[in-house]
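# I'll drop the sequence and a predicted model, then ask my questions.
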Amino acid sequence: MRRNFHFLILLLGLAVLQGVLTQCKRNSEENSSPESKLKIVEFHLAGIPDKNIVINHAARTITVQMPPTLTSLSLKADYRLSPDTRLVSGLPNGELNVVALSKCYENQRIGLASTGSSSIDPSVQYALIAIPSGKLTLKPTQPLEIELGEGMTVNVPVENLYGSEPLVDARVTREGTTEKVSLFREQTPNNCVWFIKGIVNQVQVATSRQLQPGRYSLELVQADGTVVPVSQPLIIKKGKARLGYNQWTWGVMANEPFIVEGFNLFESDVSLTIIGKDRTYRPILGDFAADGTRFRVLTPALPPGNYIVKAHQNGQEITCQKMSVLREKGQPVLLSITNYGTCSTFEKLSLSRAKRIDLYYNPITGRPAANRVQLDEQLQFNRIDNPAETYSVPIVPYVLAGPEAPAYFSIPESVPVGQYHVKLQVKDPNTDHLLQSEPYERVIDVQ
């Protein structure tokens, strides 16, 4: 009985030993899989001490402690791989772009594959993780200056940028106030990409938000909420005035105000002149925005027709645009014949028959597509020396001229040589009556 018991114990021991050996063999087989043999044995980056680079094969990571500043955004990489291993991705031209190490992006990865494989896809990847040597610190040596405009940028010298928490916001406070204003219109983690532009040891602060000229304090905010103050002030300066896209160029009503939008439009600097064929006007301007983005114009009692508007900044002309004073709201507007331009002239325009002529207009109440005979939109030629003599010329409208192509027309040979006033005619979809623009400001000389 005792001998049987010992024998049973022996059998149990052998069973346990066999299980352990089997598991060890399985683990050994797993550890000897082809992927487990693909390794980065050594990794070096120019300008970074080897002691600051740690390879973790189990986690397949390479951790790099970045210095406070770098000499270049591209670091030469030297490495040694395990036998039968080749590099397939992550180090183009043997260099590492440190911008890719920003936490604004996913970890940069170095891909490996077997030399016996022709695949371009990596079998193993090592993640590159950058950590800073200290706190992110902004190091400007003089006041920062931005000139107001559509897009504004300023570069700020910095230490410990690479590997730090990414920047996601920039806030300014105008001198003499306490309100903090974000330079971003929307707060999202993706804002971090705006700070990373290709200048080594610098962050770029970019914004389209318009501010009043003056002196501001500036602070940057990291993704973890850390606020990094800028030691130097931010100076917002006036720039060159510019008008933006303004719908008033399509037409305004006399004695009704309209809004002019743009940049650097300040009351003390900007004036407007409205030029007609026989007279020049200086309209009343008011309600200037403190940030210079708009002002209001009270249209004088102008007769219906086309006018030239010239804007000046400190006496210097900055732009010239056409403006149509409408007889009634919804009236079509004939913007330009032959070429599109924001300005115009009252000089005679010579046109040849039987040739394509580009045309730019705003039908306003016209149908979105022309009918088969293309008479929804047409030009009326009215002979100056015989006003009763008129000719209708069909327009090939925008919708038929092709994607992004201008509308066009061709003067037929049936239109006699001579000088004409030209109007745009658009069929009203509700009444089928023809709506007419004011006469084009230039006399058309048909040749």
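Structure received.

# List the contacts of the residue nearest to residue 165 when sequence neighbours are not counted.
What sits nearest to residue 165 in space, not counting adjacent residues and going by CB to CB, 6 or more residues apart in numbering, is residue 222, at 4.1 Å. In this view, the C-beta of every residue, glycine as well, is placed from N, C-alpha and C. Residues near residue 222 by CB atoms under 8 Å, 6 or more residues apart in numbering: 136, 164-168, 228.

# I'd like those residues written out as CSV, with distance to residue 294 added.
Below are the contacts of residue 222 laid out as CSV (distance: CB to CB, whole Å):
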residue, distance to residue 294
136, 38
164, 39
165, 38
166, 34
167, 31
168, 30
228, 34
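
# Now do stretch 381-397: distance to the chain's middle.
Relative to its parent chain, stretch 381-397 has a centroid offset of 45 Å by CA atoms, centre = their mean, to the nearest Å.

# got it, and stretch 123-132?
The answer for stretch 123-132 is 31 Å, by CA atoms, centre = their mean.

# Just give me the neighbour total for residue 38.
24 (other CB atoms under 10 Å).

# how close does it sit to residue 284?
Counting by CB to CB, to the nearest Å, the separation of residue 38 from residue 284 is 77 Å.

# how about stretch 46-58: buried residues?
Buried residues in stretch 46-58, counted by 16 or more other CB atoms under 10 Å: 48, 53, 55.

# show me the contacts for residue 309.
Going by CB under 8 Å, 6+ apart, residue 309 touches 272-275, 320-323.

# which of those tops the neighbour count?
Counting neighbours by other CB under 10 Å, residue 323 comes out on top of those with 24 neighbours.

# May I ask which helix or strand encompasses that residue?
Element membership for residue 323 (DSSP states H and E) is strand 316-326.

# Check the offset of that strand from the chain's centre.
That offset, for strand 316-326, works out to 27 Å (CA atoms, centre = their mean).

# what's the next secondary structure element after it?
strand 333-337.

# Run me through the strand neighbours of that following strand, direction for each.
The pairing partners recorded for strand 333-337 under DSSP bridges are strand 356-362 (antiparallel).

# How far does the helix or strand that the strand it pairs with is followed by sit from its chain's centre?
Later in the chain than strand 356-362, the nearest helix or strand by DSSP H and E is strand 377-383. Centroid separation between strand 377-383 and its chain, computed with CA atoms, centre = their mean, is 41 Å.

# What average pLDDT does whichever helix or strand comes after strand 377-383 get?
Moving toward the C-terminus from strand 377-383, the next helix or strand (DSSP H and E) is strand 390-394. Averaging pLDDT along strand 390-394 yields 95.

# before we move on, what about stretch 423-431?
Here the average pLDDT along stretch 423-431 is 86.

# gap between the two ends of it?
In terms of CA to CA, to the nearest Å, the two terminal residues of stretch 423-431 are separated by 20 Å.

# How about stretch 276-290?
End-to-end distance (CA to CA), stretch 276-290: 31 Å.

# Now it: buried residues?
276, 283, 285, 288-289.

# Looking at those residues, which two lie furthest apart in space?
Within those, two members stand farthest from each other by CB to CB: 276 and 289, at 28.3 Å.

# residues touching the residue nearest the centre of the chain, list them.
Residue closest to the average C-alpha location in the chain (CA atoms, centre = their mean): residue 151, at 9.4 Å. Applying CB under 8 Å, 6+ apart, we find residue 151 in contact with 206-208.

# Go through those and name the one nearest residue 360.
Distances from residue 360 to the contacts of residue 151, taken by CB to CB, are shortest for residue 208, at 28.3 Å.

# Quick check: the gap between the closest one and residue 243.
Residue 208 sits 16 Å away from residue 243, going by CB to CB.

# okay, those two: which has more neighbours?
Applying other CB under 10 Å to residue 208 and residue 243 shows that residue 243 carries more neighbours, namely 20 against 12.

# The residue nearest to that one when sequence neighbours are not counted: how many residues sit nearby?
Nearest residue to residue 243, sequence neighbours excluded (CB to CB, 6+ apart): residue 262, at 4.1 Å. Using other CB under 10 Å, the number of residues around residue 262 comes to 20.

# Now do the same for residue 262: helix, strand or coil?
Assigned with DSSP: H, G, I helix; E, B strand; the rest coil, residue 262 falls in the strand class.

# Could you tell me the per-residue confidence at it?
In this model, residue 262 is scored at 91, pLDDT.

# how's this structure carved up into domains?
Under the assignment automatic domain parsing, the domains of the chain span 1-30, 34-131, 137-234, 242-326, 333-446.

# worst average pLDDT in the ones you listed?
The lowest average pLDDT among the domains of the chain, as it happens, falls on domain 1-30, at a mean of 48.

# What are the boundaries of the helices in the stretch 1-150 of the chain?
For the stretch 1-150 of the chain, the helices defined by DSSP state H, counting those that start in this stretch occupy 2-31.

# Would you map the strands across it?
Using DSSP state E, counting those that start in this stretch, the strands of the stretch 1-150 of the chain run over 40-45, 53-56, 61-65, 74-81, 85-89, 95-97, 108-114, 124-131, 137-138, 144-147.

# For those, give me a markdown table that also has distance to residue 346.
Putting those into a markdown table (distance: least, CB to CB, whole Å) gives the following:
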| stretch | distance to residue 346 |
| --- | --- |
| strand 40-45 | 68 |
| strand 53-56 | 73 |
| strand 61-65 | 69 |
| strand 74-81 | 58 |
| strand 85-89 | 64 |
| strand 95-97 | 57 |
| strand 108-114 | 63 |
| strand 124-131 | 65 |
| strand 137-138 | 56 |
| strand 144-147 | 36 |
